[in-house]
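Peer 1: For reference, the sequence and a predicted model appear below.
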Amino acid sequence: MKRAIRMDPKDGVATALNDLVAGDRITVVSAGQEVVKEVVVTEAIPFGHKVALSKIEKGTKVIKYGEVIGVASQDIVPGNHAHIHNVNSNRMQMPKVWYRKEE
Amino acid sequence: MKFQGYERPDGSVGVRNHILVMAVADCSEPVAKMIANGTEGAVAVTQHYGCIPGEMVANILIGVGKSPNVAAVLLVGMGCEGMPADSLGKMIKESGKPVDWVCIQELGGTRNAVTKGKQIVKAMSEKVQGLKRKEFDVSRLVVGVKCGGSDTTSGLAGNPAVGAFADMLVDAGGAVVMSEPIEAIGAEEPLAKRAINDLVRKRIYKMISDEEKRWSVPGAQVEFMCSGNIEGGLTTIEEKSLGAIHKSGDRPIRGVLEASSRLLEKVPEVAGVYLQDATHMEPMAMSSMAAAGVQIIVFVTGCGGSFGHAIVPMLKVTGNSETYRRMKDDMDINAGTIIDGQESIGAVSQRIFNEVIEVASGKLCLGEALGYNNFSVFRRDSRLDTLLGISSP
């Protein structure tokens, strides 16, 4: 079964350990390799990218490693891909122009 | 635990025996390269801020010249520079190692300078080839930790494995240095918590907030996350930082080393973790760390950054098994086994520790064997600091 890893129990996101496609039912493991829950993926999520574990409303904090890594710029639901299109930094915004692929 | 190192006249211990041919400014770089070419153990380096580059650059060049990995130094100057070869040379000579200089204009041009330079370097080489390694305790090791070309595996596997190694080294009496002020933005709390006292805590906060000011000037287009980071899944600087700081381990942070135009602080001979207030950019950060006394660097890369350093061996660790498989000639250690569930963080950190001892004792890491000898120098723009109201520490 495809997996994602949740670094801290407070995290609202987990990191995909496989390439995921919409409809995948994945196992979420803790940093200690214990199964903590399952999530159904809503869209394609590449290896290393984040999948939302819970609802993160627009304007609320995104937590990874038990700390704030940013703020949701749109409503995010469980199974969504969480990345630059729906998460902004709380500290420094990057100009988007350099990113070489179409988002 | 022991390693085999070179003892220098000033008592410092190195892991390599380089002859540095240092062009004080890049106008003289071609001559330095011609001199170094063909002599065993000689490597040419320079800096690209012109011939009146200022004290921060001078401090780094002097520190690099004094590095215990360097057995002897020949400086090459044009003759008209604002930072003359003999001034730098005299300061490096304080270390007691063989130091000399050639001046292109004084010697009558390129051909004469190259001839004279080659004679000097050949004599230096004959002298230093005879130096033998001696046994030293692992507590004499000062290891730099750096990440570059990070993807999410860096925060999940690569950096945690190096962090566990950092803990082992500090527990054995050694020192660990991290130069990454920007990839600490968002991670102030976990770092500050480890400060040994209030002074260090304040310095950590200042280092990070100063760097944040420099990189978020309204209206200025600045990039601080590469496409490899983004494609690899890192979304914000906070996320990158929280993953990055893992490589410094868990042990107390004893200080923030200044690397300014006023002073380039050497790593104290006290076991612990030190942050260097230099730069995140590589290979520049490697030169800053080398100037402070770092002998080896453990470099974590998710995407597979392939390069090295002229005087400091750079051990490559990747947390991405796919990168390791694809770039087998360049990546020394695969920490991706942690993600695959095949190895624990502890097991990988032990492998890193063993490899560091072997590299310290003379084993070439893959980048060295391939011939990588990058060298560049970082200079902060003092005009920017003044305009931003950033004060000296």
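Peer 2: Structure received.

Peer 1: quick one: the strands in chain A?
Peer 2: With strands called from DSSP state E, chain A shows them at A:3-6, A:13-16, A:25-30, A:35-40, A:50-52, A:61-64, A:67-72, A:81-82, A:87-88.

Peer 1: Adding distance to chain B and mean pLDDT as columns, could you present these in JSON lines?
Peer 2: The way it works is simple: take the backbone N, C-alpha and C, and place the C-beta from them, glycine included. Converted to JSON lines, the strands of chain A look like this (distance: least, C-beta to the nearest C-beta, whole Å; pLDDT from 0 to 100):
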{"stretch": "strand A:3-6", "distance to chain B": "6", "mean pLDDT": "96"}
{"stretch": "strand A:13-16", "distance to chain B": "5", "mean pLDDT": "97"}
{"stretch": "strand A:25-30", "distance to chain B": "9", "mean pLDDT": "96"}
{"stretch": "strand A:35-40", "distance to chain B": "12", "mean pLDDT": "96"}
{"stretch": "strand A:50-52", "distance to chain B": "7", "mean pLDDT": "98"}
{"stretch": "strand A:61-64", "distance to chain B": "6", "mean pLDDT": "98"}
{"stretch": "strand A:67-72", "distance to chain B": "4", "mean pLDDT": "96"}
{"stretch": "strand A:81-82", "distance to chain B": "7", "mean pLDDT": "98"}
{"stretch": "strand A:87-88", "distance to chain B": "5", "mean pLDDT": "95"}
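
Peer 1: Next, format the ones you listed as a markdown table and append mean neighbour count.
Peer 2: Listed next are these as a markdown table, based on neighbours: other C-beta atoms under 10 Å in any protein chain shown:
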| stretch | mean neighbour count |
| --- | --- |
| strand A:3-6 | 22 |
| strand A:13-16 | 26 |
| strand A:25-30 | 17 |
| strand A:35-40 | 14 |
| strand A:50-52 | 25 |
| strand A:61-64 | 22 |
| strand A:67-72 | 22 |
| strand A:81-82 | 25 |
| strand A:87-88 | 22 |
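
Peer 1: Format those strands as CSV; extra columns: distance to residue B:323.
Peer 2: Putting the strands of chain A into CSV (distance: least, C-beta to C-beta, whole Å) gives the following:
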stretch, distance to residue B:323
strand A:3-6, 18
strand A:13-16, 16
strand A:25-30, 22
strand A:35-40, 26
strand A:50-52, 20
strand A:61-64, 22
strand A:67-72, 23
strand A:81-82, 22
strand A:87-88, 25
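
Peer 1: My read is that residue B:223 contacts residue A:94, right?
Peer 2: Yes: counting by C-beta atoms under 8 Å, residue B:223 touches residue A:94, with 6.8 Å between them.

Peer 1: These two: who's more crowded?
Peer 2: residue A:94 (20 against 12; other C-beta atoms under 10 Å in any protein chain shown).

Peer 1: Please name the residues that touch that one.
Peer 2: Residues counted as contacts of residue A:94 (C-beta atoms under 8 Å, 6 or more residues apart in numbering or on different chains) are A:84, B:223, B:224, B:225.

Peer 1: got the phi/psi numbers for the second one?
Peer 2: Read it as residue B:223. Torsion angles at residue B:223 (phi, psi; degrees, to the nearest 10) stand at phi -110, psi 130.

Peer 1: follow-up on the earlier one: ok, so of the contacts of residue A:94, who is nearest residue A:39?
Peer 2: residue A:84 (20.8 Å; C-beta to C-beta).

Peer 1: how about the strands of the stretch 51-200 of chain B, start to end?
Peer 2: For the stretch 51-200 of chain B, the strands defined by DSSP state E, counting those that start in this stretch cover B:70-77, B:99-103, B:134-137, B:142-147, B:175-178.

Peer 1: want to throw those strands into a markdown table with distance to chain A, mean pLDDT and mean neighbour count?
Peer 2: Formatted as a markdown table, the strands of the stretch 51-200 of chain B follow (distance: least, C-beta to the nearest C-beta, whole Å; pLDDT from 0 to 100; neighbours: other C-beta atoms under 10 Å in any protein chain shown):
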| stretch | distance to chain A | mean pLDDT | mean neighbour count |
| --- | --- | --- | --- |
| strand B:70-77 | 37 | 98 | 27 |
| strand B:99-103 | 43 | 98 | 22 |
| strand B:134-137 | 34 | 98 | 13 |
| strand B:142-147 | 15 | 97 | 27 |
| strand B:175-178 | 17 | 98 | 28 |
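
Peer 1: Quick check: end-to-end length of stretch B:338-352?
Peer 2: Terminal residues of stretch B:338-352 lie 13 Å apart, using C-alpha to C-alpha, to the nearest Å.

Peer 1: Can you give me the buried ones in that stretch?
Peer 2: Buried residues in stretch B:338-352, counted by 16 or more other C-beta atoms under 10 Å in any protein chain shown: B:338, B:339, B:343, B:345, B:348, B:349, B:350, B:351, B:352.

Peer 1: Kindly report the same for stretch B:255-269.
Peer 2: B:255, B:256, B:257, B:258, B:259, B:260, B:261, B:264, B:265, B:267.

Peer 1: Next, the second one: secondary structure please.
Peer 2: So that's residue B:256. Following DSSP: H, G, I helix; E, B strand; the rest coil, the label given to residue B:256 is strand.

Peer 1: My understanding was that it contacts residue B:273; is that so?
Peer 2: No: in this structure, residue B:256 is not within contact of residue B:273 by C-beta under 8 Å, at 10.6 Å.

Peer 1: joint contacts of residue B:223 and residue A:94?
Peer 2: With C-beta under 8 Å, 6+ apart, residue B:223 and residue A:94 have no common neighbours.

Peer 1: didn't residue B:42 look like it was pressed against residue B:34?
Peer 2: No: Residue B:42 sits out of contact with residue B:34 when judged by C-beta under 8 Å, with a separation of 11.0 Å.
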